[in-house]
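Visitor: okay, sequence plus prediction incoming.
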There are 2 protein chains.
Amino acid sequence: MTQRVVIIGGGAAGPKTAAKLRRENPDMIIEMYTDENHVSYSACGLPYYIENIIPDIEELLVRSPEEFERHGIKVFLEHKAIKIDKEKQTVIFEKHPYPEQIEVFYDILVIATGARPYLPDIENLHDFKNIYTLRKLEDGIAIKNAMKKAKTATIIGLGYIGIELLEAFIKNGLEVSVINNHKFIMPMFDEDISKQIEKHILEKDGDKIKIYNNQHAVKITGENEIASKIITDKGNEIETDFIIISTGIVPNSEIAKEAGLKTGVKGSIWVNSHFATSYPKIYAVGDCCEKTHIVTKKHCWLPLGSTANKEGRCAAINIASGNCDFQGVLGAAVSRYFDYTVCMTGITEREAKALGYDVLTTTVTKEDRAGYMPEAATITLKMIVDSKSREILGIQGIGNGDAEKRVATVSMAIMNGVKIDEFMGLDLPYAPPFSTAIDPLLNALQKIEEKLKENT
Amino acid sequence: MTQRVVIIGGGAAGPKTAAKLRRENPDMIIEMYTDENHVSYSACGLPYYIENIIPDIEELLVRSPEEFERHGIKVFLEHKAIKIDKEKQTVIFEKHPYPEQIEVFYDILVIATGARPYLPDIENLHDFKNIYTLRKLEDGIAIKNAMKKAKTATIIGLGYIGIELLEAFIKNGLEVSVINNHKFIMPMFDEDISKQIEKHILEKDGDKIKIYNNQHAVKITGENEIASKIITDKGNEIETDFIIISTGIVPNSEIAKEAGLKTGVKGSIWVNSHFATSYPKIYAVGDCCEKTHIVTKKHCWLPLGSTANKEGRCAAINIASGNCDFQGVLGAAVSRYFDYTVCMTGITEREAKALGYDVLTTTVTKEDRAGYMPEAATITLKMIVDSKSREILGIQGIGNGDAEKRVATVSMAIMNGVKIDEFMGLDLPYAPPFSTAIDPLLNALQKIEEKLKENT
């Protein structure tokens, strides 16, 4: 009998699973359900839509429901999954805008419900219309409209999305306040690196940006459902035309938890390296599911769009009776503030120390290509190694130059447990417009090697 | 007793050896001899000096003789090594401009004599003043002067240097003829990739460039020591204001060979993985010495500036009684024609087939970052794997987008014998301005994996 695969979620992991599964198996019935009114879009592009680098939001749509249908994948828009009955092998969906319910049988279920913004505990947070999070297409449209009418904005929480929105708002002439719960912005980086990022942002646009570090919003006030002021725990009162909450995300795992599936870090859905959950015939992929960290070998929750795509592909191979063993994640990520790149892979010095590694770090600041080339620009690379195993644990790269290329190369090294001795002689392409005769990366490694020698 | 280290050569490998050795050992006497009148310069920058991206040739000087002297490294300019007496442990130098000779004793000798242009057998080649090769600073100055006065140029041989000079000449308004001994230009690439490079160049500047493939110059004619015409073996007669010979290089290994040192591929000086030659107390580094290829494990001769620097550093560690075991080379290289990058690492399909691998290749053409970003541009990646071992053998990347980042990442993979299965899940930094959710590199790997599955 023909198998029916039901996929809950239409963001990145769901559509990727559906598309790959169709290529692997032309016979299976594949159905994809989403509570949104479109599928398969690039949420990562939303800050650039808001900034107006991308004028038309349609450009963010990767594939239309019609394209899926053409490949025999049935798409059900505005269907919200509300219950999984794992014994009966059914999912109950609520069909919007009516409270109508349908029950759908599956042979194989794929949960790709993603994540949603985390909302901190702020007084009156839910009383106003001009407070936004950025996750879905509608959010992007709403924020762009708010920005166009505004002169000031406040961003609560400054991570990857926060910094991209900061660029968008500054580019569009706004004055921006940032309220940051941590000692430093971009808290996924080590403090020394974060401070350099903050310094760069303020040197460039300090007249238009005010950063309130180490404090959190406690209360929002306003009139007629329009927020106009934020009060922090340190007593700062910040006037603002609208507010962005970008204090992280939480997995949409409730439906899985209620069905009795095992969950893990931060409530994300536990899966094995084949993306099977704790219950037969149910898989989970993308931002809703737990990850394994390649460096620490521990469970973690590092939800990223590139990972979601790889996971969807891998899960589809397994569902189609293939064999795809997922190695895990490094948390490789990149963002930018105008021409200034911030990126990292692996673990930070802070994390490495907390995990008990024999941590050794080196930070080098070098030009990214031959200094005499007009396009040469500075990058800073902070490399973290374990002095006992001599393995590379992580790297953070920032600057106006091409830090990201170096971080990509180190991702490959960490994936394969490369020790610094095996890395030293790395043969990289060299020409003056592209790098330096001794790449900044090799320079950092040479410094690490010299430190190791001193220590022994 | 204090050891005296004598280094012959002041280009890249010699100065690097000297500088690293000084850091490793503050006591050794270090002397560096060169037949030029400067040391430590970036020959790779010369095409950009000629193009006038770099107005002042001084910018290509990495370190002056005075800087070396400050670190206790004695520099002897315009001293040409003419004989090594390995039993007596001496080198005889001829001091220019006088035919004076001096004999220098060494405890350790480092041969870093580099390479020189290969001159093909062309009738009257040596009779004219306006025929140039590009290797030294003086060559760059002479070519720039010739270019300024000229309307037409002819380049014989189109490899990495040829393509950079082609850009320089076109940028400066010249019409350029190219005479190419091979079936296709850039013969280090596979034919399919080379043809795409040629197609791009001619689409962009075909009105100013004429390429004569598959033929060689047999005769040059002119008057008053000024060449004005080249005749090819296919009977083409090409009028030209000046001529560039860029048909490759040969190692400056005669002095080593005459001293009885073992030589290898193309006459380059044989060394072990510590850069020791076949005779005690003599090392060789840089373009003059033989390499080991990391993929094929065979001896080869792939002289590149980035390699010379790494070799100099590694040799210095060994001379200072440390232990640096050099892994070898991949032939990683990059060049560009205006915004169009050409790069590669590892071996080509042609080489892989000749060596008897079970060759499988995939070529993908993709945008290098999210298609909706204005800076997105196309790249083509050709990946070569061995279907038996599933190891990656090489990659070639071309296009207006960032192909080089992907080639750098693959260099790291090949260095460590990464199999495609270990590569598939590679966690790369992703954001729309930097890459695509599924990087073109992973896309190429996925295609390879699908082909492998079909074949089994």
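Guide: Okay, I see it.
Visitor: which stretches of the stretch 101-250 of chain A form strands?
Guide: For the stretch 101-250 of chain A, the strands defined by DSSP state E, counting those that start in this stretch occupy A:108-111, A:115-117, A:131-132, A:152-156, A:175-179, A:209-212, A:217-223, A:226-232, A:237-239, A:243-245, A:249-251.
Visitor: how about A:Y283, what does it touch?
Guide: Residues near A:Y283 by CB atoms under 8 Å, 6 or more residues apart in numbering or on different chains: A:I108, A:L109, A:V110, A:I111, A:V271, A:F275, A:A276, A:T277, A:A315, A:N318, A:I319. C-beta coordinates here come from the backbone N, C-alpha and C atoms, glycine included.
Visitor: doesn't it belong to a strand?
Guide: Yes: according to DSSP: H, G, I helix; E, B strand; the rest coil, A:Y283 belongs to a strand.
Visitor: any idea how far it is from A:A259?
Guide: Distance, A:Y283 to A:A259, using CB to CB, to the nearest Å: 13 Å.
Visitor: surely A:G286 and A:S306 touch.
Guide: No: between A:G286 and A:S306 there is no contact under CB atoms under 8 Å: 11.0 Å.
Visitor: ok, the two, which is more surrounded?
Guide: Set side by side, A:G286 and A:S306 show more neighbours around A:G286, with 32 against 25, by other CB atoms under 10 Å in any protein chain shown.
Visitor: send the alpha carbons of stretch A:68-83 over as PDB?
Guide: This file holds the C-alpha atoms of stretch A:68-83, laid out as PDB (Å, rounded to 0.1, in the frame of the first residue of the first chain):
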ATOM      1  CA  PHE A  68       4.900  21.700  -4.700                       C
ATOM      2  CA  GLU A  69       1.600  20.500  -6.200                       C
ATOM      3  CA  ARG A  70       3.200  20.100  -9.600                       C
ATOM      4  CA  HIS A  71       5.600  17.600  -8.000                       C
ATOM      5  CA  GLY A  72       2.700  15.800  -6.400                       C
ATOM      6  CA  ILE A  73       3.200  17.300  -2.900                       C
ATOM      7  CA  LYS A  74      -0.200  18.400  -1.500                       C
ATOM      8  CA  VAL A  75       0.000  21.700   0.400                       C
ATOM      9  CA  PHE A  76      -2.600  22.700   3.000                       C
ATOM     10  CA  LEU A  77      -2.300  26.400   3.900                       C
ATOM     11  CA  GLU A  78      -3.800  27.800   7.200                       C
ATOM     12  CA  HIS A  79      -4.000  24.500   8.800                       C
ATOM     13  CA  LYS A  80      -2.900  24.600  12.400                       C
ATOM     14  CA  ALA A  81      -1.900  21.300  14.000                       C
ATOM     15  CA  ILE A  82      -3.400  21.000  17.400                       C
ATOM     16  CA  LYS A  83      -3.000  17.400  18.400                       C
END
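Visitor: in stretch A:214-229, what counts as buried?
Guide: A:H216, A:A217, A:V218, A:I220, A:G222, A:A227, A:S228 (16 or more other CB atoms under 10 Å in any protein chain shown).
Visitor: for the residue nearest to A:K171 when sequence neighbours are not counted, what are its contacts?
Guide: Nearest residue to A:K171 in three dimensions, chain neighbours excluded: A:E51, at 5.4 Å (CB to CB, 6 or more residues apart in numbering or on different chains). The contact partners of A:E51, taken as CB under 8 Å, 6+ apart, are A:E164, A:E167, A:A168, A:K171, A:N172.
Visitor: where does A:V342 land in three-state SS?
Guide: Look at A:V342: counting by three-state DSSP, its state is strand.
Visitor: run through the bridge partners of it.
Guide: Taking DSSP bridges as the rule, A:V342 bridges to A:S335, A:I398.
Visitor: would you mind listing what in the stretch 251-400 of chain A touches chain B?
Guide: Counting by CB under 8 Å from any CB of the partner chain, the positions of the stretch 251-400 of chain A adjacent to chain B are A:294, A:304-310, A:313-314, A:324, A:326-336, A:341, A:343-345, A:370-374.
Visitor: at 6 Å instead, please
Guide: Applying CB under 6 Å from any CB of the partner chain, one finds that the stretch 251-400 of chain A approaches chain B through A:305-306, A:309-310, A:326-327, A:329-330, A:332-336, A:343, A:370, A:372.
Visitor: what two of these are the furthest from one another?
Guide: Of all pairs drawn from those, the one with the longest distance (CB to CB) is A:F326 and A:Y372, at 44.7 Å.
Visitor: can you pull the pLDDT of A:E449?
Guide: For A:E449, the pLDDT comes out at 89.
Visitor: if we can go back for a sec, going by neighbour count, which of the contacts of A:E51 comes out on top?
Guide: Tallying neighbours with other CB under 10 Å puts A:E164 at the head of the contacts of A:E51, with 25 neighbours.
Visitor: mind listing what that one touches?
Guide: Each residue near A:E164 by CB atoms under 6 Å, 6 or more residues apart in numbering or on different chains is listed here: A:P47, A:S335.
Visitor: distance of it relative to A:L134?
Guide: Applying CB to CB to A:E164 and A:L134 gives a distance of 9 Å.
Visitor: A:M28 now?
Guide: 35 Å.
Visitor: could you report the pLDDT at the residue found closest to A:K310 once you drop the neighbours it is linked to in the chain?
Guide: Leaving aside its chain neighbours, A:K310 sits nearest to B:G425 (5.8 Å; criterion: CB to CB, 6+ apart). Listed pLDDT for B:G425 reads 88.
Visitor: wait, B:G425 touches A:Q327, no?
Guide: Yes: under the criterion of CB atoms under 6 Å, B:G425 makes contact with A:Q327 at 4.4 Å.
Visitor: the two: which is more packed in?
Guide: Between B:G425 and A:Q327, B:G425 has the larger neighbour count (other CB under 10 Å), namely 23 against 19.
Visitor: helices of the stretch 201-350 of chain A, start to end?
Guide: Using DSSP state H, counting those that start in this stretch, the helices assigned to the stretch 201-350 of chain A run over residues A:254-258, A:305-319, A:349-354.
Visitor: and of these, who's closest to A:K20?
Guide: Going by CB to CB, the one of these nearest A:K20 is helix A:305-319, 3.6 Å.
Visitor: quick one: contacts of the closest one?
Guide: Under CB under 6 Å, 6+ apart, the answer for helix A:305-319 is A:12-13, A:16-17, A:20-21, A:24, A:44, A:108, A:274-275, A:283, A:285-286, A:324, A:326, A:329, B:425, B:430, B:437-438.
Visitor: which residues does the closest residue to A:K144 other than its chain neighbours contact?
Guide: Excluding its sequence neighbours, the residue lying closest to A:K144 (CB to CB, 6+ apart) is A:I50, at 4.7 Å. By CB under 6 Å, 6+ apart, the contact list for A:I50 reads A:G140, A:I143, A:K144, A:A168.
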